[in-house]
Structure formats: structure tokens, C-alpha cells
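> Please find the sequence and the predicted model below.
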Amino acid sequence: MHQTEKRRLTRARLVEAALNVFALNGYEHATVDDIAVAAGLSKGAFYFTFSAKEDVLLALFDLWADERTDLLNIAHASHDAPAEQLGAMLHALFSYAGGANWPPLLIEFWSQGVRGGEITLRLKRTYPQWTRHLASAIQAAFGDGGDASPAAEEAARAMLATHDGLVTQAALGWPGSAAVLSKRIGGLVSRSLAEAELAIAHQRAALPRDVSAAAG
């Protein structure tokens with residue numbers, strides 16, 4: 001096996017092991033030894049790949065954020081009608097299929113995020129990016145197709161807050177929470193679309209009549 005490929009596989013094993021260890025034990029209590037053992041590798045192999053435990057947490061954050069961003073982009077590109085694009089994007093955002101133990105790990109991201117540091121900076125880059133993307137989709141579905149309005153941005157933030165709340169329920173293992181991220185998506189999408197439409201309608205109603213007519 002080529003050395004570059006070997007390093008890539010070693011890194012992937014460590015990242016996957018860290019995901020499960022952090023999700024099970026929590027980031028603060030997990031050790032480099034725990035990660036190495038879970039990966040079936042030596043502690044030396046860990047430090048050859050990562051300089052510290054925080055580095056593998058950041059690698060996991062990037063993996064999660066890139067995956068969510070890719071899913072949003074693919075969902076948006078897979079439909080022509082704006083309302084269908086938005087619905088598909090919400091399905092993509094709320095879906096955590098494939099057995100990856102993301103929900104409890106997201107709690108670790110947010111916990112570290114309130115303490116400052118690099119994870120905070122990455123959260124502050126990622127969430128506004130998703131907000132803008134969702135707000136643009138909302139505006140396209142219910143607005144005039146121009147720049148996202150304040151109402152559309154508020155609706156986008158509400159959708160992300162709902163995502164975080166459902167993920168928290170799943171991480172806590174509440175009865176039925178495993179199904180929350182899938183069975184309730186349809187209703188959640190419908191309510192989100194209706195609330196976005198109502199918010200934008202209210203904003204239009206508040207405009208002077210000549211401006212409102214021009215916007216329509």
C-alpha cells in the first residue's frame with residue numbers, strides 16, 4: 001500500500017473512532033489512549049496524524065459541516081421549483097442516516113463552542129453560511145427572488161434552531177427521539193414553509209402601498 005494511502009486510512013480510522021469515543025464518553029473525559037484503542041492503533045499513530053485531541057475534534061467538525069453543506073447544495077440543485085428546493089434542503093438538513101453517531105457529538109461541538117477557541121470560530125462561520133443559503137431559498141420560494149429579506153433570515157434561523165433542538169432530543173435518547181429526525185420532517189417542512197410565507201406576507205403588508213405593489 002502506498003504510504004499516502006496508508007496515512008489517509010489511518011486518519012480515517014482515528015476520526016471514526018474519535019466520533020464514537022467523544023459521543024460515548026464526552027470530549028472532556030475522552031483520552032488519546034481511548035481513541036487509539038478504539039481505532040485499533042497505537043498512541044504513536046495518533047500523534048503521527050494529529051498533534052492533540054482538539055485537532056481530531058476540529059477534523060470531525062469539518063467533516064460534519066462539509067457533509068451538511070454538500071447535502072444542502074445537492075438538495076438545492078436537484079429541483080427546479082423554489083418550493084421544492086427549500087423542502088429538499090430541509091430534508092437534507094434534518095436527516096442523519098447511515099448510523100453515524102452525530103447527535104451526541106454535536107452537543108460536544110456546541111459545548112466547546114461556548115468556551116471560545118477555534119471551534120467557536122468555525123461555528124460562527126458555518127451557521128451564518130447555512131442561514132444565508134436557507135434564507136435565499138425561502139426568499140426564492142415566497143418572496144420576489146431578490147436578496148433575502150429580514151423575515152426570510154429569521155425563518156432560516158428558526159429552522160436551524162429547530163434542527164439543533166431535534167438533535168438534542170436524539171442525543172438525550174428521549175423515547176421516540178430516534179424517529180423524530182425522520183418521521184416529523186414532513187410536518188416540520190410544511191410548518192416552516194407556512195411560517196416563512198406568513199412572515200414575508202406580514203413584512204409586505206407593513207410596506208407603503210406603492211412599495212408593496214412594486215415588490216409584488
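Great, that's in hand.
> So which residue is smack in the middle of this protein?
residue 68 (5.1 Å; C-alpha atoms, centre = their mean).
> On the three-state scheme, the closest residue to it other than its chain neighbours is what?
Once flanking residues are discounted, residue 68 sits nearest to residue 93: 6.6 Å by C-beta to C-beta, 6 or more residues apart in numbering. (C-beta placed from N, C-alpha, C; glycine too.) Judged by DSSP: H, G, I helix; E, B strand; the rest coil, the three-state class of residue 93 is helix.
> which residues touch residue 108?
By C-beta atoms under 8 Å, 6 or more residues apart in numbering, the contact list for residue 108 reads 22-23, 26-27, 57.
> thinking again about what came up before, so what pLDDT did the residue nearest to residue 68 get?
We have a pLDDT of 86 for residue 93.
> okay but it is in contact with residue 156, surely?
No. Residue 93 is not in contact with residue 156 according to C-beta atoms under 8 Å; the separation is 10.5 Å.
> ok, the residue nearest to the centre of the chain to residue 146 distance?
Here residue 68 is placed at a distance of 26 Å from residue 146 (C-beta to C-beta, to the nearest Å).
> can you tell me the helix or strand for the residue nearest to residue 76 when sequence neighbours are not counted?
Nearest in space to residue 76, with sequence neighbours left out and distances taken as C-beta to C-beta, 6+ apart, is residue 85 at 5.1 Å. Taking DSSP states H and E as the definition, one finds residue 85 inside helix 82-94.
> What are the buried residues along that helix?
Within helix 82-94, the residues scored as buried using 16 or more other C-beta atoms under 10 Å are 82-83, 85-94.
> related to what we said a few turns ago, what is the helix or strand hosting the residue nearest to the centre of the chain packed up against?
Residue 68 belongs to helix 53-77 when elements are defined using DSSP H and E. If you count contacts as 3 or more C-beta pairs under 8 Å, 6 or more residues apart in numbering; DSSP states H and E, helix 53-77 packs onto helix 3-25, helix 32-39, helix 82-94, helix 102-113, helix 118-142.
> re the thing from before, need the contacts of residue 108 in CSV with pLDDT, neighbour count and distance to residue 46, can you?
Listed next are these as CSV, based on pLDDT from 0 to 100; neighbours: other C-beta atoms under 10 Å; distance: C-beta to C-beta, whole Å:
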residue, pLDDT, neighbour count, distance to residue 46
22, 95, 25, 14
23, 92, 21, 18
26, 93, 14, 18
27, 94, 21, 15
57, 97, 23, 13
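> For residue 133, see how far away the closest residue to residue 137 other than its chain neighbours is.
In this structure, residue 137 finds its nearest non-sequential neighbour in residue 86, 4.3 Å apart by C-beta to C-beta, 6+ apart. Separation of residue 86 from residue 133 (C-beta to C-beta): 10 Å.
> All good on my end, thank you.
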